[in-house]
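J.: Sequence first, then the predicted structure, then my questions.
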Amino acid sequence: YYYKARLNKIAQRFENATILYLKALDMIKSTDDYFLLGKIYSDLGDICIIQKDYDEGLKKYQMSIQMFLKSPRKVEASYRVISIGKVYHFKKDYAKALYYYRRALKETSNSYLCGFAYQEIGVNYYWAKNMDSAEFFLRKSLDYPFLGNHYSIRCVNLADLYFDLNKFDSAQKYASLALRYPSTFYNQRDSYRILANSECSLGNLKK
């Protein structure tokens, strides 16, 4: 049920995914498989956030944290702290988002999590229009290992920042770099957008 739910979540069939997650939850909520419980609550939180149900999403993330703290992989709890920070970022409460990102950094020295936290701090500063801090933390995040499409996200956001600063060569460099790493359709789309806009700004209309 859990993996069927994940497949539906990835396919953005959120209603089906939610039903399957709840079935999985019913089957194991009386057990001590806290790691799986944490994953289910976390994924349910993700669905709530995608659907902009922020209050319910926060509740699910809090439940997820409680489960992960009882499991052997406590670092997952810190990842959910970052997820809570992202909720406040989406609500444009950038100061509160920053609080949760920094809290996650204090909880663990895990290099993957540190890179992810610095990535989100950089993105948060970018949307808050604090370009110097955004550049510092996004560049800092590049020094850390990554999971999934995180490196592509770092590069795309750096490229966007440099485009906004009219540093088109740097924008092209990082947009091109983003395309060399695992990414989603959305990351790829943004990379090509930045590359096209940079060429346009440089007068290379055909390219």
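T.: Structure's in. What do you need? Model, not experiment: these values are computed from the prediction. Numbering: from 1, shown residues only.

J.: would you list every one of the helices in this protein?
T.: 2-10, 14-28, 34-50, 54-69, 75-90, 94-107, 111-127, 131-141, 150-164, 168-178, 185-201 (DSSP state H).

J.: Put together a markdown table for those, with distance to Lys207, mean neighbour count and mean pLDDT on each row.
T.: Using the backbone N, CA and C atoms, a C-beta is placed for each residue, glycine as well. Formatted as a markdown table, the helices of the chain follow (distance: least, Cβ to Cβ, whole Å; neighbours: other Cβ atoms under 10 Å; pLDDT from 0 to 100):
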| stretch | distance to Lys207 | mean neighbour count | mean pLDDT |
| --- | --- | --- | --- |
| helix 2-10 | 34 | 16 | 96 |
| helix 14-28 | 39 | 16 | 95 |
| helix 34-50 | 36 | 21 | 96 |
| helix 54-69 | 42 | 19 | 97 |
| helix 75-90 | 34 | 21 | 97 |
| helix 94-107 | 36 | 18 | 97 |
| helix 111-127 | 27 | 22 | 97 |
| helix 131-141 | 26 | 18 | 98 |
| helix 150-164 | 16 | 24 | 97 |
| helix 168-178 | 11 | 19 | 97 |
| helix 185-201 | 5 | 16 | 95 |
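
J.: Not counting stretch 197-207 itself, show me its contacts.
T.: 163, 166, 168, 171-172, 175 (Cβ atoms under 8 Å, 6 or more residues apart in numbering).

J.: if you set the cut-off to 10 Å instead, what comes out?
T.: Here stretch 197-207 makes contact (Cβ atoms under 10 Å, 6 or more residues apart in numbering) with 159-160, 162-163, 166-173, 175, 195-196.

J.: of these, closest to Lys52?
T.: Asp160 (22.8 Å; Cβ to Cβ).

J.: wouldn't the closest one be in contact with Ala175 here?
T.: Yes: Asp160 is in contact with Ala175 according to Cβ atoms under 10 Å; the separation is 8.5 Å.

J.: list the contacts for Glu56?
T.: If you count contacts by Cβ under 10 Å, 6+ apart, Glu56 has them with 44-45, 47-49.

J.: That should have said Asp53, apologies.
T.: 45, 47, 59-60.

J.: Distance-wise, check it relative to Gly45.
T.: Distance of Asp53 to Gly45, computed by Cβ to Cβ, to the nearest Å: 10 Å.

J.: who touches both of those two?
T.: Common neighbours of Asp53 and Gly45 (Cβ under 10 Å, 6+ apart) are 59-60.

J.: With distance to Asn187 as extra columns, can I get the contacts of Asp53 in CSV?
T.: Shown next, in CSV, are the contacts of Asp53 (distance: Cβ to Cβ, whole Å):
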residue, distance to Asn187
Gly45, 22
Ile47, 21
Lys59, 29
Lys60, 25
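
J.: Among those residues, which one lies nearest to Tyr79?
T.: Distances from Tyr79 to those, taken by Cβ to Cβ, are shortest for Gly45, at 11.4 Å.

J.: residue contacts, that closest one?
T.: Per Cβ under 10 Å, 6+ apart, neighbours of Gly45: 53-54, 56-65, 80, 83-84, 87.
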